[in-house]
Structures are given as C-alpha cells and as structure tokens.
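Visitor: Quick one, what's the 3D model for this:
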Amino acid sequence: MYLYSESIESGPVSFMFQDAGKTAFLLRDLHRLYYSYEEGTENGVMTLLNCNTSDLVEEGEFIQEVTISPLREIIIHTSRNHLFHSKMKMNQVLKLESGELPSSDVVVRFDALDRMYLMVLENGTLTSRIYPLKNEISSGLFPLQQCPVS
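Guide: Model prediction:
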C-alpha cells in the first residue's frame, strides 16, 4: 500500500507499509529501494545479491513498480522489464529472469494464495499469466551446474 508519494529533484519517492500496525516499511526512488525494519533499528539500502551495489537499474532505466505479496515477497519491476525479488526483513535483492514480457505496460500482482501474475493490457485486451516465482528464485540462487557422468 502506498502511503505517500511526491516528486522531488531525484524523482518520485514512495513509502510502502506491509501491514497495518507492522513496524516495517519500504521507501523507493527511481533507482533504489530503501528499507526500515524492527521499529527503525534496521535500515539501509537494498543491494543486489553478489554485487554489493544499491543501484538496481541500468543507465536510462528506472524502478517502475514495487509490489508486496500477502506473504511479504517483494517484486521490483523496472522500466526495461527487469524483475528483482526480495522478502520483507531482507536487505538484498535477486535479479530474476523476466522471460518474454511484451512491453513495459506489464503490471505485477499477487492473488490471495501468493501466486504472482504478470498482467498486460494490449489493444483493449487484458491478459495475465502466472509467473513461476519459486522456480525463478531457485534458478537465480542455484544456477544450473554440470554433473559429471561416470
């Protein structure tokens, strides 16, 4: 849920709270995602896993959407259709394979069962597909390895 959004010199800034009464929130600008957990005692900038950089986007790209699922999965969608994943109370993000996304008009949504959908509106027709989030997280964390055959 967005609580506050305002444009400043570096672009729009948005606050997001996970649940009413919880002590965790996210703040984003065009290039970074900031966090504050445990009543503000843990805070900082999310970094890209294995890269230790807080710039999640490339030159000319910006964070288009941040979505939080019912089970606190965080999805970051960029203007070039890159997807990143994290979870509330984590401070790193994992770049996901976004597959064949047709345009930047993709919207990421979760249903009540925590399934992730990629929704696209093209020529007046809304299409959606389930995104295999758990599989893509596993693929990003544990890349395909060659097993020698004896």
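Visitor: low-scoring stretches of the protein, by residue?
Guide: Regions of the chain meeting the criterion pLDDT under 70 cover residues 1-23, 98-104, 143-150.
Visitor: Okay, strands next: where are they in the protein?
Guide: 2-8, 11-17, 25-28, 33-37, 42-45, 47-48, 63-68, 73-78, 83-87, 92-96, 106-110, 116-122, 125-131 (DSSP state E).
Visitor: can I get these in a markdown table with distance to residue 56 and mean neighbour count?
Guide: Where you see a C-beta, it was placed from the backbone N, CA and C, and this is true even at glycine. Formatted as a markdown table, the strands of the chain follow (distance: least, Cβ to Cβ, whole Å; neighbours: other Cβ atoms under 10 Å):
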| stretch | distance to residue 56 | mean neighbour count |
| --- | --- | --- |
| strand 2-8 | 19 | 9 |
| strand 11-17 | 14 | 15 |
| strand 25-28 | 9 | 20 |
| strand 33-37 | 7 | 19 |
| strand 42-45 | 10 | 13 |
| strand 47-48 | 6 | 16 |
| strand 63-68 | 7 | 18 |
| strand 73-78 | 6 | 21 |
| strand 83-87 | 6 | 21 |
| strand 92-96 | 6 | 18 |
| strand 106-110 | 15 | 17 |
| strand 116-122 | 18 | 15 |
| strand 125-131 | 18 | 12 |
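Visitor: Pipe the ones you listed into a markdown table and attach distance to residue 137 per row.
Guide: As requested, those are exported to a markdown table (distance: least, Cβ to Cβ, whole Å):
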| stretch | distance to residue 137 |
| --- | --- |
| strand 2-8 | 25 |
| strand 11-17 | 21 |
| strand 25-28 | 19 |
| strand 33-37 | 17 |
| strand 42-45 | 21 |
| strand 47-48 | 15 |
| strand 63-68 | 15 |
| strand 73-78 | 9 |
| strand 83-87 | 6 |
| strand 92-96 | 7 |
| strand 106-110 | 14 |
| strand 116-122 | 11 |
| strand 125-131 | 11 |
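Visitor: Figure out which of the ones you listed is closest to residue 55.
Guide: Nearest to residue 55 among the strands of the chain is strand 47-48 (8.0 Å), distances taken as Cβ to Cβ.
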